[in-house]
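Asks: With the sequence up front, the predicted model follows.
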Amino acid sequence: MTSCPTAEDAASAAAGLLADHTAGTWAPTPDERMLAKGIARVGPSAASLRTGLRHVAPGRFADVLAIAAAYLETVATGEPDERLLPLHHLLDALAPRP
């Protein structure tokens with residue numbers, strides 16, 4: 001039996017990918033950058049992440065989105081979850097605002 005991802009799982013996955021991006025060992029594809037920009041604009045929710053997953057190739061960014069979406073599907077909507085701040089930081093790094 002598998003357990004549902006937690007906020008800590010989502011935060012850890014996002015933080016790890018952001019660290020690799022910052023170190024230059026991972027770079028997003030143009031499609032991943034465009035998706036990050038769209039998600040950052042509307043805000044990460046289970047629905048926005050699941051929709052985004054239909055439009056991006058499998059890979060590390062998709063894995064992070066899948067973990068975060070699975071977690072967000074288990075919690076009530078409403079107040080932003082501060083534990084997902086690393087996901088917001090990743091989205092901001094991939095899609096900087098002008």
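Replies: Happy to help now that I have it.
Asks: and Ser45, backbone torsions?
Replies: The phi and psi values for Ser45, taken as degrees, to the nearest 10, are phi -140, psi 170.
Asks: State the distance from it to Pro30.
Replies: According to C-beta to C-beta, to the nearest Å, Ser45 stands 24 Å off from Pro30. (Each C-beta comes from the backbone N, C-alpha and C, glycine too.)
Asks: So if I had to pick from these two, which one is more boxed in?
Replies: More crowded of Ser45 and Pro30, by other C-beta atoms under 10 Å: Ser45, with 15 against 7.
Asks: Surely that one and Leu72 touch.
Replies: Yes. With contact defined as C-beta atoms under 8 Å, Ser45 counts as touching Leu72 (6.2 Å).
Asks: Where does the most centrally placed residue in the chain sit, in terms of helix or strand?
Replies: Geometric centre of the chain, nearest residue: Leu65, 4.0 Å, by C-alpha atoms, centre = their mean. Using DSSP states H and E, Leu65 sits within helix 60-72.
Asks: who's in contact with that helix?
Replies: Helix 60-72 is contacted from outside by 4-7, 9-10, 13-14, 17, 20, 26, 28, 32, 35-36, 39, 44-46, 49-50, 52-53, 56, 81, 84, 87, 90, 94, using C-beta atoms under 8 Å, 6 or more residues apart in numbering.
Asks: Cross the residues you listed against helices and list the overlap.
Replies: Those of the contacts of helix 60-72 mapping onto helices are 7, 9-10, 13-14, 17, 20, 32, 35-36, 39, 46, 49-50, 52-53, 87, 90, 94, per DSSP state H.
Asks: Any of those residues buried? List them.
Replies: The neighbour count (16 or more other C-beta atoms under 10 Å) marks 7, 10, 13-14, 17, 32, 35-36, 39, 46, 49, 52-53, 87, 90, 94 as buried among the ones in helices among the contacts of helix 60-72.
Asks: Relative to Ala76, which of the residues you listed is nearest.
Replies: Of all these, Ala46 has the smallest distance to Ala76: 11.0 Å, by C-beta to C-beta.
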